[in-house]
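Participant: Generate coordinates for the sequence data below:
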Amino acid sequence: MDHESQSEDFAAVPSLGRSLLTGSVGFGAASLLVFATVAFAERWMYRHLGLFGAYLVWTVLFILLGGGVLGPLVVRRWQMPKFYLLFAGAFFAYAVGWVSAYFVLRGVVGEWIGSLLGSLLMGLVFAAGFGIARSTLSLTAMLFVANSLGYFLGSAVNNYLGSRAGMLLWGLTYGLCLGGGLGAVLHFAQVRDGRMD
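Facilitator: Numbering: from 1, shown residues only. Modelled structure (predicted):
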């Protein structure tokens with residue numbers, strides 16, 4: 001890519017503010033929809049799909065809905081299918097890391113280790129996808145803070161309120177926070193890379 005077109009792509013990267021807002025609101029809405037299936041259909045899903053099947057469906061929903069709302073933050077949007085593949089890989093790695101740690105360690109320790117491992121795996125995939133391996137730790141840190149804040153704050157709200165309303169607010173809180181983190185990651189990844197090849 002020549003210098004002029006690379007400069008144009010760099011200039012087109014959405015601002016950090018827009019990335020945070022779009023990521024937060026968009027992924028918050030996506031998360032609310034996913035958590036609605038937990039609130040209203042969790043038992044049915046466990047009974048008909050099993051534990052593994054239910055978690056797989058929730059992961060796929062997050063990928064489909066989340067990739068759609070985050071895609072417009074990526075420069076050269078005509079490459080949306082390519083971004084979907086990157087986001088699918090990143091979120092699937094996150095889900096595998098989180099779920100593995102949680103089911104092996106259980107409880108609060110499993111949740112914290114899951115948040116860390118999931119964020120690290122997601123950060124690694126994004127760093128590799130954007131060709132910015134040196135930024136893996138900073139991307140991981142952003143994701144870990146956003147993910148942990150959303151998950152544990154949402155969990156506290158859910159524990160306090162209970163019922164379907166608590167679960168829905170958990171989903172919204174989780175999505176708003178992690179979505180903001182994802183928006184920031186996409187902004188900084190593109191600023192450092194200048195483009196998506």
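Participant: going forward, measure contacts and count neighbours with C-alpha atoms only.
Facilitator: Will do.
Participant: which residues touch stretch 137-155?
Facilitator: 112, 115-116, 119-124, 127, 169-182, 184-185 (CA atoms under 8 Å, 6 or more residues apart in numbering).
Participant: Check which residues of it are buried.
Facilitator: 139-155 (16 or more other CA atoms under 10 Å).
Participant: for this protein, what's the longest helix?
Facilitator: helix 16-70 (DSSP state H).
Participant: average pLDDT across that helix?
Facilitator: Taken as a whole, helix 16-70 has a mean pLDDT of 95.
Participant: what do you get for stretch 135-142?
Facilitator: The model assigns stretch 135-142 a mean pLDDT of 95.
Participant: Residue 142 versus residue 191, what's the distance?
Facilitator: Distance from residue 191 to residue 142, counting by CA to CA, to the nearest Å: 15 Å.
Participant: Show me what the helix or strand following the longest helix of the chain is packed up against.
Facilitator: Following helix 16-70 in sequence order, the next helix or strand is helix 80-105 (DSSP states H and E). Counting contacts by 3 or more CA pairs under 8 Å, 6 or more residues apart in numbering; DSSP states H and E, helix 80-105 packs against helix 16-70, helix 107-130.
Participant: Kindly calculate the angle that helix 80-105 makes with helix 16-70.
Facilitator: Here the directions of helix 80-105 and helix 16-70 differ by 90 degrees (axes from the mean of the first three to the mean of the last three CA atoms, to 10 degrees).
Participant: in helix 80-105, what's buried?
Facilitator: Buried, per 16+ other CA under 10 Å, within helix 80-105: 80, 83-84, 86-102.
Participant: Residue 165: neighbouring residues, count only.
Facilitator: Around residue 165 there are 14 other residues, counting by other CA atoms under 10 Å.
Participant: dump the residue contacts of it.
Facilitator: Applying CA under 8 Å, 6+ apart to residue 165 gives the contacts residue 158.
Participant: buried set for the strand or helix carrying it?
Facilitator: Following DSSP H and E, one finds residue 165 within helix 163-193. By neighbour count on 16+ other CA under 10 Å, the buried set for helix 163-193 is 166-191, 193.
Participant: And stretch 122-131, by the same measure?
Facilitator: Neighbour counts over stretch 122-131 (16+ other CA under 10 Å) mark 122, 123, 124, 125, 126, 127, 128, 129, 130, 131 as buried.
Participant: any idea how far stretch 137-151 is from the chain center?
Facilitator: The chain centroid and the centroid of stretch 137-151 are separated by 10 Å under CA atoms, centre = their mean, to the nearest Å.
Participant: Now residue 98. Nearest residue, chain neighbours left out?
Facilitator: residue 114 (3.8 Å; CA to CA, 6 or more residues apart in numbering).
Participant: Contact partners for the one you found?
Facilitator: The neighbourhood of residue 114, defined by CA under 8 Å, 6+ apart, consists of 97, 98, 99, 100, 101, 102.
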